[in-house]
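> Sequence first, then the predicted structure, then my questions.
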Amino acid sequence: MKYSFFPGCSLERNAAAYLQSTLAIAKPLDLDFQEVEDWNCCGATEYISLNKTAAFALIARNLAQAAKADGLKEMAVPCSACYLNLRKVDKYLGEDARLYKNVSTALAAGGLSYQPGSVTARHLLDIVINDVGYSAIQAKVTKPLKGLRLAPYYGCFIVRPGFGEWDSQEYPTSLDRLLKVLGAEVIDFPMKAHCCGGHMTQVSEATGMEMIRRLIKGAVDYRADAIVTVCPMCQMNLDAFQPNMNRFFRTSYQMPILYFTQMMGIAFGMDAAALGFGSEFISARPVLAKIGVEAPPEQPAPKKSRRDDKSLPMPKMGEQ
Amino acid sequence: MTILTVGSSHAASPQAVSKPLTFLEEVEAATPGNSRLSMCIQCGTCGGSCPSAADMDHTPRQIFAMIRAGLRDEVLSSNTPWFCVSCYYCTVRCPQEIHITDIMYTLKRLSVQARKYDDSRAPDFSRQFITWVENYGRAYELGLMSLFILRHNPFGAIRMAPMGMGMVTKGRLDFTPKSIKGIDGLKAILAKAKELEVSNEV
Amino acid sequence: MSEQRIGVYVCHCGSNIAGMVDVADVAQWAAGHLKDRGVVIARDYKFMCSSTGQELIEKDIKDLGLTRVVVAACSPHLHEATFRKACANAGLNPYLCELVSIREQDSWVHTDRAAATEKAKAIVSGGVERVRYNEPLEPLTVPIHPATLIVGGGIAGIQAALEIADAGFPVYLVEKEPSIGGHMAQFDKTFPTLDCSACILTPKMVSVGSHPNITMMTWSEVEKVEGYVGNFTVTVRKRARSVNTDLCTGCGVCQEKCPRRVIDDVYEAGLGYRKAIYTPFPQAVPKWPVIDRENCIFFERGTCKACQKFCPTGAIAFEQQDEIVTINVGNIILATGFDLFDPRRIPQYGYGRLANVFTSLEFERLSNAAGPTNGHVVLRDGVTEPQQVAIVHCVGSRDRKYNNYCSNICCMQSLKFAHLVKEHCPGATVYQFYIDMRTPSKGYDEFYQRGLEEGTLFVRGRVAEVTDAARLPGEEGKLIVQVEDTLAGKQRRIPVDMVILSCGLEPRRGAKELAKVFGISCSADGWYIEKHPKLDPIATMTERIFIAGCAQGPKDIPASVAQGAAAAARVLGRIQQKQIALEPIRATVNEDKCSGCRVCNELCPYNAIVFHADRGVSEVNPALCQGCGTCVAACPAGAISGTGFSNEQIFAQLDGLLMNNISKSSVPA
């Protein structure tokens, strides 16, 4: 399956582990990625804070470049922020005629043009679970992540505002299912779609650190061994800033933060070094060591006899 | 060495319109698409959902009440838009389907133009980020962080040093900016876009 | 056709028409240009619908021997009947009068005076051309069967049934659950009086059960409705109770002895249990139980039969089959009620994941002394009393993502819950989270005052999320309600033990399908559509079918009772008239031209076309036909024509609109 590929600025260096592991798992999953020619920064949340038309034009240039690749209508985007920007701009250019007119004129100044709807940006996770599918992934698992308790962490942009509606905006489950398929135990992490804080660490340290603390604490409360992310910004905040957060709150959390592609690679039996392990601030070595080790069985809760059990039934979940 | 042009967030000239817009109309017009701001029933879901509300001068809901009351100066000197983390919780939960996050970006832009917001950290962070993008086509974290920290938190630089060192030793930091091939084309596009925004605001 | 003598009357409608259309010009033009089309007189007048206006028409008919009348005024929806009556008064068949709209179709939708005036002329010309082909018609009279069918045994249906039965006429009450009573039977207390719900409902239920004029069919559903206005033939499936009702005494031993316990999703709102053979609650009417065959061991594997073993009268009848019953009725009232909004659709409120989040109906059952906890308000563990309770308004209501409308009763219901919590859990702190407090009716705002007096803490803010993820000290082990207290202007995180969601009301899940069976329409939200939202909330666009209670829209018990009584009054009025005159505007099939292709059969929205297999032709039932014209348009052989809208009439009207009838030699404009 062929796709255009938009790595985004982070994957070039800061999140090289994400890029490395993505390309590593692409092969066994028959995903053929063609990098968009001469792509530029999407502007993250910064460019649009100071410019409107220029911000849209900045992103539209990427869409125009991607549209040049014949026949590749879908673009795989690993970074949630790039994914949101590319999708949002495509949508608004189709809806706001005046904006589209201005952006088109701007693009023309650079010798480019773009027709809204020509290129659909899709998050890498979406492609992995919906195009490849859980069963195909399960078939490739040779080293199930048994013994690991993982906290799936989606962050914001991948599920909100929710282009394509491929998972719930409040309580997504696609990554949960993926990690289960990889053989791990997945915790029901209530903060799984809460915000990592973005650039708040720089704008207001107290705010930024608190937002990071909530997520780490949430995972620790559920005895997770690691948090699994889908976005380089989230990874950096939770991982690279974790020591700072510990200093700020005088805590001593040691929660490794890994990319879902890295976990997939390990489950496919690949070598950790080839998947970018080692670049994380909070070492993932304990996590890797735990795989395959049988966890001691949990003490079963004493069974209440029916006569003593006064509890009321819970509503059924699952189908709605 | 390339001469840097400081990233410009242009100050748009006041719109030449036949009838002066209310502040509400101004905000709606400056937001792409249909923001539905006038549909607000002040229920407070946005303020209740916001992860950074505790640190805001005004909750998002209060800001919308102030916009409708025409309190332009108060809104544009509030820290609220700058503390928005774009998590979109407000947008997806709003019962009136108002595009709250898009409006926050509009308020950021208007706030910079109005020059009423006292704390320059957030706008400067964005400005620094943009400088590199406009001159190279890519983000450049080392440049961004070093200039930003020196300007705003030089003593905090010492606190940031361990993390900085970590980034370097783990190979997560570029020492020089990367440039795209079509940087001239990008510059032309951005210049044109900014020109159009000023002239076509009506 | 030049022997027609047509009168044209152009109405000013004050400034509604005259403000945009030059009505005098139009009348003058008609008198001149349409003279050789048969127009002998054309007038304009300020208000044609007034008595003076009508008298103008009547006088001209008598004095000038008019044979046709065209009135150019408002929409026929409003005054067609008025002008037809005027003609009838003057001795002209009312169907020889046409009302063409130059208001809704012209003056109200255009801003160019000259163009609007020209358009009015075209419209008048169209009317004149059409009316030349009108034929005198007589309404069809059919007798009305005195029996009434009421679908739905909730409070609205019960009220309607009692009113009609007390007046001496027979009623069939069909209810799909084993007992009548509806949602009201589930409630604990009712607002604002805090009457015990069952105490005020059960006397009515007993009256229904013992009324000589009411035939109750519970555990039954309507399958088919045939026939026509005033004479419906309804097919009802009486599902097999597996109990011989002639022998059953309602002693309840079978329920005691039944070994199979299942969760009661309906009456106990999923919070309690019932047996496979059950009556939903002790005061059920009728008292006979039913066997839930899907969960009965006998029907699963052929064993057990405990109920049969212990039944003192031998009333268990496993071999019982569904019974199909056909009844004849003249009027139908649909009172099918509501279903609760499913809060699992709002994941951030935690219902289904977080144990101590409850729906409104679940709380009613908790609070009810006959409920699964014998009236103890406790947490999901069945034992612990909550110390802090949060009541959340507007769950699934007033929200464009779920239901745009306000569900009417939730503010009052939430106040009631606050009171009940304080009563059942002395010392508990109760928070109520609202956007607005809607307390419009008698005693309602006083009930709000009572809530304030009792110390309920009201927070104006729509709850953003309910979570168990603790962040601050004091939150561990609690449910945290995160909300903006909009009056204080701050985000708050309030730890509580129990959260009650005041879920919105929605139409019944099967309402749309049921509407099709009866040939009525649902709104976009799924509620049954009334004939006029202000002036006729209990009638529908289908003659003789009425709606009452929550089936028409969310409302409280007094309003449901009022609507039930109103529907009954309307029905009684019709029954008294003994017969009904039907509009003669309907379709007829020319059997010589009909090829029996049956395209029309499926298209008819009123199920008015039957196919006679023996003769191979379709026939339109004139009583069911509403004259919509769908079959006329669809018939490939052109075999169906409409009285009152024949092809000739329609083509003539088109010619008139296009001014094809104006010859070049006419009087110059």
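It's in.
> Leaving out sequence neighbours, find the closest residue to residue A:201.
For residue A:201, ignoring the flanking residues on the chain, the nearest one in space by Cβ to Cβ, 6 or more residues apart in numbering or on different chains is residue A:208 at 3.4 Å. Quick note: C-beta positions are derived from backbone N, CA and C, even for glycine.
> And residue C:179, by the same measure?
residue C:284 (3.6 Å).
> how much space between that neighbour and residue C:196?
According to Cβ to Cβ, to the nearest Å, residue C:284 and residue C:196 sit 17 Å apart.
> low-scoring stretches of chain C, by residue?
Scanning chain C with the threshold set as pLDDT under 70 gives C:1-2, C:663-669.
> Show residues contacting whichever helix in chain C runs longest.
Taking DSSP state H as the criterion, chain C has its longest helix at helix C:557-577. Contacting residues not belonging to helix C:557-577 are listed as C:144, C:146, C:148, C:154-161, C:163-164, C:167, C:169, C:184, C:190, C:230, C:330-331, C:333, C:335, C:441, C:537-539, C:544, C:546-550, C:552, C:555, C:580 [Cβ atoms under 8 Å, 6 or more residues apart in numbering or on different chains].
> what comes up buried for it?
C:557, C:559-568, C:570-572, C:574-575 (16 or more other Cβ atoms under 10 Å in any protein chain shown).
> Going by secondary structure, residue B:110 is in what exactly?
helix B:100-114 (DSSP states H and E).
> what's across from the residue most central in space within chain C in the sheet?
Compute the mean C-alpha point of chain C, and by Cα atoms, centre = their mean the closest residue is residue C:528, 2.7 Å away. Beta bridges link residue C:528 to residue C:522, judged by DSSP bridges.
> list the contacts for it?
Going by Cβ under 8 Å, 6+ apart, residue C:528 touches C:334, C:507, C:511, C:515, C:520-522, C:540, C:547, C:551-552.
> quick one on the thing from earlier: out of residue C:284 and residue C:196, which sits in the busier spot?
Looking at residue C:284 and residue C:196 with other Cβ atoms under 10 Å in any protein chain shown, you find the greater number of neighbours at residue C:284, namely 24 against 15.
> Dihedrals phi and psi, residue A:74?
Torsion angles at residue A:74 (phi, psi; degrees, to the nearest 10) stand at phi -110, psi 140.
> rewinding a little: which of the contacts of residue C:528 fall in strands?
C:334, C:507, C:547 (DSSP state E).
> can I get the residues you listed in JSON lines with neighbour count and distance to chain A?
Output for the ones in strands among the contacts of residue C:528, formatted as JSON lines (neighbours: other Cβ atoms under 10 Å in any protein chain shown; distance: Cβ to the nearest Cβ, whole Å):
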{"residue": "C:334", "neighbour count": "28", "distance to chain A": "27"}
{"residue": "C:507", "neighbour count": "25", "distance to chain A": "17"}
{"residue": "C:547", "neighbour count": "30", "distance to chain A": "29"}
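> Let me have these in TSV, adding distance to residue A:281 as columns.
Below are these laid out as TSV (distance: Cβ to Cβ, whole Å):
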residue	distance to residue A:281
C:334	66
C:507	55
C:547	66
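> What is the nearest of those residues to residue A:220?
Residue A:220 has its nearest neighbour among the ones in strands among the contacts of residue C:528 in residue C:507, at 45.8 Å by Cβ to Cβ.
> so what's residue 185 up against?
Since no chain was named, I'll use chain A. A:148-150.
> Chain C is the one I meant
With Cβ under 8 Å, 6+ apart, residue C:185 has these contacts: C:179, C:197-198, C:201, C:205, C:267, C:280-281, C:283.
> Which strand or helix spans residue A:4?
Here residue A:4 is assigned to strand A:2-5, by DSSP H and E.
> same thing with residue B:168?
Following DSSP H and E, one finds residue B:168 within helix B:156-169.
> Residue C:376 now?
With DSSP H and E as criterion, residue C:376 is part of no helix or strand.
> and the closest residue to it other than its chain neighbours, backbone torsions?
Distance criterion Cβ to Cβ, 6+ apart; nearest residue to residue C:376, sequence neighbours excluded, is residue C:424 at 6.9 Å. The phi/psi pair for residue C:424 (degrees, to the nearest 10) reads phi -80, psi -30.
> Those residues of chain B touching chain C, which are they?
Within reach of chain C by Cβ under 8 Å from any Cβ of the partner chain, chain B has these residues: B:41-50, B:53-54, B:58-59, B:61-62, B:89, B:93, B:95-97.
> Tell me the buried residues within those.
B:42-50, B:53, B:58-59, B:61-62, B:89, B:93, B:95-97.
> So which of the residues you listed sit within helices?
Among those, the ones falling in helices (DSSP H) are B:45-49, B:61-62, B:89, B:93.
> Give me the pLDDT value at the residue nearest to residue A:201.
Confidence at residue A:208, expressed as pLDDT, is 96.
> In terms of helices and strands, where is it?
Per DSSP H and E: helix A:205-221 holds residue A:208.
> So what touches the helix or strand that that helix is followed by?
Once the chain leaves helix A:205-221, the next helix or strand it forms, by DSSP H and E, is strand A:226-229. With Cβ under 8 Å, 6+ apart as the test, strand A:226-229 has contacts from A:148, A:150-153, A:155, A:175, A:179, A:215-216, A:219, A:235, A:238, A:255-260, A:263, A:284, A:287.
> tell me the average confidence for strand A:226-229?
On average, the pLDDT along strand A:226-229 is 97.
> Paired strands for it, with orientation please.
strand A:149-152 (parallel), strand A:257-259 (parallel).
> and the next element down the chain from the last one?
Translated: strand A:257-259. helix A:260-267.
> tell me which parts of chain C are close to chain B?
Counting by Cβ under 8 Å from any Cβ, chain C sits next to chain B at C:348, C:394, C:398-401, C:435, C:460-465, C:482-486, C:489-491.
> What about the contacts of residue C:185, which are in helices?
Those of the contacts of residue C:185 mapping onto helices are C:197-198, C:201, C:205, per DSSP H.
> what's near enough to touch the closest residue to residue B:119 other than its chain neighbours?
Nearest non-adjacent residue to residue B:119, counting by Cβ to Cβ, 6+ apart: residue B:79, 6.4 Å away. Under the criterion of Cβ under 8 Å, 6+ apart, the contact list for residue B:79 reads B:55-57, B:117, B:119.
> 10 Å instead, please
Shown in contact with residue B:79 (Cβ atoms under 10 Å, 6 or more residues apart in numbering or on different chains): A:203-204, B:52, B:55-58, B:111, B:117-119, B:121-122.
> Also residue C:467?
A:190-191, A:194, A:218, C:348-350, C:353-354, C:475, C:478-482, C:493.
> Bridge partners for it, pull those for me.
residue C:480.
> For stretch A:17-33, measure first residue to last.
Using Cα to Cα, to the nearest Å, the end-to-end distance of stretch A:17-33 comes to 17 Å.
> Just confirm yes or no for it near chain B.
Yes. With Cβ under 10 Å from any Cβ of the partner chain as the criterion, chain B is reached by stretch A:17-33 at residue A:17.
> Let me know the average pLDDT across that stretch.
Stretch A:17-33 comes out at a mean pLDDT of 95.
> How about that stretch, which residues are buried there?
In stretch A:17-33, the ones that count as buried by 16+ other Cβ under 10 Å are A:17-26, A:28-29, A:31, A:33.
> quick one: the strands in chain A?
Applying DSSP E to chain A gives strands spanning A:2-5, A:32-35, A:74-77, A:120-123, A:149-152, A:185-186, A:226-229, A:257-259.
> now for the ones you listed, which one comes closest to residue C:313?
Comparing the strands of chain A against residue C:313 with Cβ to Cβ, the closest turns out to be strand A:185-186 (56.2 Å).
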